[in-house]
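[1] Next one to model:
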Amino acid sequence: MQFFRMHAFQPPQPLKKPVLGELLEDVSLARMKGVRYKRWSETAPFWLGNAGISRPYSEFTCRPYTTYKNLLSNFEQNKSSMIFYEYAFGMEEIRKDIKSVFGDCTILFDSNGSTLISTLAKGVKARRQHEPDSMTFSDTGRLVYSALAFETPSIRQLNTNFEQPLGIFDYPAPEKYPFRQEIPESVRVINIFSHDASGYIPKDDSLLLHELEQMLKTNKKICLFLLLHVSRTGRILPVEKMASMIKSKKPDAYVFVDGCQAVGRLPYEEIRRAFDASDAYVFVGHKALGSMVCGAAALKRGVEEWLFFPAIENDFLFNLRLFQFESIEINELVAKKQVEKKLPNYMVSLPEIMSLRLALSHSIENFAKQRPTVEWAKEEILDLLFSFGALHPIGRANHVNDIVSFFTSPPSLARKIKDALQNPPLLGSKKCRIDLPITIAPITDDGAARIAIDPKIESLPEAIGTLKTRLISIMQEVSARF
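    Numbers count the residues shown, from 1 in each chain. Here you go, the predicted model:
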């Protein structure tokens, strides 16, 4: 029914590059305009962001690559036959598949998790007519705090990690802002860890719920709550109980769930319950799912119109793209604004969304079979970490089974391990070139590293064996220096 209504929506001017956006070979000019400067064959390996530990990626993660290969090639040669309504129908089918997880909702697309959170926060700001005080948890990305605090007109002004893929979504590239480390005052943060002489200790659920209850009592101005479903170090938080507590004490508050690290790692029944308890659930394709870099949010019915009509009318959103929102009326407003601002009719980039759809469908179909396969790998890695006095693993209980996190003594060792693991020589067979996603997680001012295990790769035993060999070698080198 939605697609047939789309026939009543006529783009007011010719569409400009509806699939991928403009391509410029001049790198400086392309960066300034916020468009692509590399062809699909050069960038696809980077678009296929993955939580795994080897290259090439699994058969699944290469499937989107082949699915849209011809589409991208034809588009770059200006041979794309995709017309407006075919595009609209394709987006509607993708949304339909995503709703199989969340039920009755509307789906919002954006570049990644931080930009989605920024877009939602701007919607709350527009509805409240002031910048809202917000609350979230530690052990998340710094850009999340920036998004909640409205530090820049566009969160992309602080983001350099995904410059190329984000350039496809955002036009034009805004001037870069300096990146600040401190958390803005308007964002209240509950630390999910306590810290004593023995190291970092994950707080239990009862303590986190108590601290949230105290924050609700002492910070009456907070009206935007961003709950963390799974932290960067793999901690699973009791978001259903948290959302219920907030809604019972502040019925008019906005409760969003950051599920960027959760989707693909937690059972989909848990994802659905977390969404049911909240107003919106944010997730991405390029973490555990293994798709190209992109994100989506499931919104309760009515939330999209309630937040984004005023946000678009009052120019709160930095970039406007057709089909980012599901509502036909909002798309009409976006098109109207594009005409007023003399902007081309930019549209959401389809290959990333196609990739997200495929990755999510594959995860749903194979979740029960794949997720238990990494438990043995996590235990082997944990046992190895415990054998080194300088490495201190963080938690087993209430953690996902594909993330192994640890802190180091001294803290600077975490960075050395990360660099050594992420820049190894070619080891083993060509099917198992190590490309480890070891990241520094912002738990406190000290650093913590994490190892993410990808259950989709066929060569997992070989990859884990190579990882252990490499880690032993690194620790031997460190011991020799000290």
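
[2] Other residues contacting stretch 235-242?
    137, 139, 192, 202, 205, 208-209, 212, 225, 227-231, 257, 262, 266, 273-274, 277-278, 395, 398-400 (C-beta atoms under 8 Å, 6 or more residues apart in numbering). (Glycine included, C-beta is placed from N, CA and C.)

[3] tell me the contacts of residue 282?
    Contacts of residue 282 (C-beta under 8 Å, 6+ apart): 113, 116-117, 120, 256-260, 295-297.

[4] Would it be right to say that it lies in a strand?
    Yes: according to DSSP: H, G, I helix; E, B strand; the rest coil, the state of residue 282 is that of a strand.

[5] hang on, the earlier thing: so which of the contacts of residue 282 is the most crowded?
    Highest neighbour count within the contacts of residue 282, by other C-beta atoms under 10 Å: residue 117, with 31 neighbours.

[6] I figured that residue hits residue 260, correct?
    No: Residue 117 is beyond contact range of residue 260, at 9.1 Å (criterion: C-beta atoms under 8 Å).

[7] and the closest residue to residue 306 other than its chain neighbours, what element?
    Distances taken as C-beta to C-beta, 6 or more residues apart in numbering put residue 127 closest to residue 306, at 6.5 Å, once the chain neighbours are dropped. Using DSSP states H and E, residue 127 sits in helix 113-128.

[8] same question, residue 382
    Using DSSP H and E, the element containing residue 382 is helix 375-386.

[9] which residues sit against that helix?
    With C-beta under 8 Å, 6+ apart, helix 375-386 has contacts from 391-393, 396, 401-402, 404, 406, 451, 453, 460, 464, 467-468, 471-472.

[10] Could you rerun that using 6 Å?
    Residues from elsewhere that reach helix 375-386 (C-beta atoms under 6 Å, 6 or more residues apart in numbering): 391, 393, 401, 404, 406, 453, 464, 468.

[11] Just give the number of residues close to the nearest residue to the third one once chain neighbours are set aside.
    It stands for residue 401. Distances taken as C-beta to C-beta, 6+ apart place residue 375 nearest to residue 401, at 5.1 Å, with adjacent residues excluded. When neighbours are defined as other C-beta under 10 Å, residue 375 has 13 of them.

[12] returning to what we had before: what sits up against the following helix or strand past the helix holding residue 382?
    For helix 375-386, the succeeding helix or strand toward the C-terminus, using DSSP H and E, is strand 391-393. For strand 391-393, contacts defined as C-beta under 6 Å, 6+ apart pick out 199, 382, 385, 406-408.

[13] Please report the distance of the closest residue to residue 409 other than its chain neighbours from residue 193.
    Of all residues not flanking residue 409 in the chain, residue 390 sits nearest, at 5.0 Å (C-beta to C-beta, 6+ apart). For residue 390, the distance to residue 193 equals 19 Å [C-beta to C-beta, to the nearest Å].

[14] So for those two, which residue has more residues nearby?
    When residue 390 and residue 193 are compared for neighbours, residue 193 comes out ahead with 20 against 16, by other C-beta under 10 Å.

[15] Model confidence for the more buried one, exactly?
    For residue 193, the pLDDT comes out at 87.

[16] Look up the residues forming beta bridges with it.
    residue 202 (DSSP bridges).

[17] What separation is there between it and residue 382?
    Counting by C-beta to C-beta, the gap between residue 193 and residue 382 amounts to 18 Å.

[18] Over to residue 286?
    26 Å.

[19] between those two, who's got more neighbours?
    A direct count of neighbours by other C-beta under 10 Å for residue 286 and residue 382 places residue 286 higher, at 25 against 15.

[20] Could you list the low-pLDDT ranges of the stretch 201-350 of the chain?
    343-347, 349-350 (pLDDT under 70).

[21] So which residues of it form strands?
    Taking DSSP state E, counting those that start in this stretch as the criterion, the stretch 201-350 of the chain carries its strands at 222-228, 254-258, 280-284, 295-299.

[22] could I get those as a markdown table with distance to residue 132?
    Formatted as a markdown table, those follow (distance: least, C-beta to C-beta, whole Å):
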| stretch | distance to residue 132 |
| --- | --- |
| strand 222-228 | 5 |
| strand 254-258 | 8 |
| strand 280-284 | 15 |
| strand 295-299 | 17 |
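
[23] Am I right that residue 183 is in contact with residue 145?
    Yes: the criterion here is C-beta atoms under 6 Å, and residue 183 meets it with residue 145 at 5.0 Å.

[24] per-domain residue ranges of this protein.
    Structural domains assigned to the chain are 2-364, 370-481, following automatic domain parsing.

[25] Let me see the ranges of the helices in the stretch 301-450 of the chain.
    Per DSSP state H, counting those that start in this stretch, the stretch 301-450 of the chain carries helices over the ranges 303-313, 328-340, 350-370, 375-386, 412-422.

[26] Quick one: closest of these to residue 217.
    helix 303-313 (26.6 Å; C-beta to C-beta).

[27] Buried ones in that closest one, by neighbour count?
    303-312 (16 or more other C-beta atoms under 10 Å).

[28] Spit out the contact partners of the residue lying closest to residue 370 once chain neighbours are set aside.
    In this structure, residue 370 finds its nearest non-sequential neighbour in residue 455, 4.1 Å apart by C-beta to C-beta, 6+ apart. By C-beta under 6 Å, 6+ apart, the residues touching residue 455 are 370, 373-374.

[29] element containing residue 455, please.
    For residue 455, there is no host helix or strand (DSSP H and E).

[30] what do you get for residue 146?
    Take DSSP H and E as the rule and residue 146 turns out to sit in helix 142-149.

[31] try residue 151
    Using DSSP H and E, residue 151 sits within no helix or strand.

[32] Which phi and psi values does it adopt?
    phi -70, psi -30 (degrees, to the nearest 10).

[33] quick one: it and residue 185, what's the gap?
    Residue 151 is 12 Å from residue 185, by C-beta to C-beta.

[34] So for the two, which residue has more residues nearby?
    Between residue 151 and residue 185, counted using other C-beta under 10 Å, residue 151 has the larger neighbour count: 19 against 8.

[35] Report the spatially closest residue to that one, excluding sequence-adjacent ones.
    Spatial nearest neighbour of residue 151, chain neighbours left out: residue 184 (6.5 Å); criterion: C-beta to C-beta, 6+ apart.

[36] a strand runs through the one you found, doesn't it?
    No: applying three-state DSSP, one finds residue 184 to be coil, outside a strand.

[37] OK, contacts around residue 299?
    105-106, 108, 280.

[38] What is the nearest of these to residue 320?
    Nearest to residue 320 among the contacts of residue 299, with distances taken as C-beta to C-beta, is residue 108, at 13.2 Å.

[39] Per-residue pLDDT of residue 132, please?
    If you check residue 132, the pLDDT there is 93.

[40] try the one 10 residues further on
    Predicted confidence (pLDDT) for residue 142: 74.

[41] Could you do residue 425 as well?
    Predicted confidence (pLDDT) for residue 425: 52.

[42] What of residue 14?
    Residue 14 is given a pLDDT of 46.

[43] try the one 10 residues further on
    On pLDDT, residue 24 comes in at 66.

[44] got it, and the one 4 residues further on?
    The pLDDT attached to residue 28 in the predicted structure is 69.

[45] How about the one 3 residues further on?
    The predicted local distance difference test score for residue 31 is 55.

[46] Number the chain from 36, please
    Sure, I'll start counting at 36 from here, so that last one is residue 66.
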